[in-house]
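> starting from these lines, generate the structure:
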Amino acid sequence: MKSKVILLSLSIIFLSGCVREESPIWYMTSSDQDINKHFKKTCLRFGHSEDSPSDLNNCIKVAREASAKDANNRLYQAGQMMQQMDMQRIQNHNTAVSNYKNSFPKLTNVYDSDGQLRAYSKNGNWYNSGGEYIGFIKNNNIYDNDGQYVGFIKGSNYYNADGSYAGQSR
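Predicted coordinates for the structure are as follows:
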């Protein structure tokens with residue numbers, strides 16, 4: 001959001017023609033003549049004289065280079081800040097997507113050895129393949145809806161209470 005505000009602000013300034021002298025946009029949009037004219041005025045205010053053209057030209061060159069370097073650094077810092085804000089926006093988006101995905105109940109389908117869906121668990125509750133509640137899972141043990149122990153889970157395999165294989169999750 002902040003990067004959009006900064007970009008919008010820069011666009012408004014640029015389009016309105018109210019560009020501050022010695023700003024990065026001023027350097028991008030001004031002619032060499034206009035830039036030199038600006039620094040000539042600056043150097044004259046600092047006491048350099050048109051009577052000494054080489055001294056005045058040297059002042060213009062040094063002042064222009066220092067100002068351009070400063071403007072470039074400000075532009076670079078603004079770009080870095082926008083990049084960091086964009087990375088934060090991406091990270092916030094990825095976190096939100098991850099949290100959204102994790103907010104849905106996790107389903108675990110259990111298939112028999114023939115590949116047929118036999119049951120599934122959803123948020124610790126146990127359902128048959130028709131979607132009817134038949135019990136719950138707690139600490140890898142399976143209980144029916146009356147709370148009676150009916151089986152267990154070991155890894156991705158499901159077993160009946162007597163230890164016989166019941167199926168696997170995929």
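
> which neighbouring elements make contact with the top helix by length along the chain?
Longest helix in the chain, counting residues (DSSP state H): helix 53-102. Using 3 or more CB pairs under 8 Å, 6 or more residues apart in numbering; DSSP states H and E, the elements in contact with helix 53-102 are helix 2-16, helix 24-29, helix 32-45. For every residue, glycine as well, the C-beta is placed using N, CA and C.

> export stretch 120-131 as PDB, just CAs?
The C-alpha trace of stretch 120-131 is given here as PDB (Å, rounded to 0.1, in the frame of the first residue of the first chain):
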ATOM      1  CA  TYR A 120     -12.200 -40.600   6.400                       C
ATOM      2  CA  SER A 121     -11.200 -38.400   9.300                       C
ATOM      3  CA  LYS A 122     -11.900 -34.700   9.500                       C
ATOM      4  CA  ASN A 123     -10.600 -32.700  12.400                       C
ATOM      5  CA  GLY A 124     -10.300 -35.800  14.600                       C
ATOM      6  CA  ASN A 125     -13.800 -37.100  13.800                       C
ATOM      7  CA  TRP A 126     -14.300 -40.400  12.000                       C
ATOM      8  CA  TYR A 127     -16.800 -40.900   9.100                       C
ATOM      9  CA  ASN A 128     -17.700 -43.900   6.900                       C
ATOM     10  CA  SER A 129     -17.400 -43.600   3.100                       C
ATOM     11  CA  GLY A 130     -21.100 -42.400   3.000                       C
ATOM     12  CA  GLY A 131     -20.200 -39.400   5.200                       C
END
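
> pLDDT of it, averaged?
Computed over stretch 120-131, the mean pLDDT rounds to 88.

> in it, what counts as buried?
Within stretch 120-131, the residues scored as buried using 16 or more other CB atoms under 10 Å are 120, 121, 122, 126, 127.

> over to stretch 142-161?
Going by neighbour count (16+ other CB under 10 Å), the buried part of stretch 142-161 is 142, 143, 150, 151, 152, 153, 158.

> out of these, which sit inside helices?
Of the buried residues of stretch 142-161, none are assigned to helices by DSSP H.

> against residue 163, how distant is the residue lying closest to residue 20 once chain neighbours are set aside?
Distances taken as CB to CB, 6 or more residues apart in numbering put residue 26 closest to residue 20, at 6.4 Å, once the chain neighbours are dropped. Per CB to CB, to the nearest Å, residue 26 is found 82 Å from residue 163.

> and the buried residues of stretch 142-161, which is closest to residue 73?
Residue 73 lies nearest to residue 153 out of the buried residues of stretch 142-161, by CB to CB, at 61.0 Å.

> the closest one against residue 142, yeah?
Yes: in this structure, residue 153 is within contact of residue 142 by CB atoms under 8 Å, at 6.9 Å.
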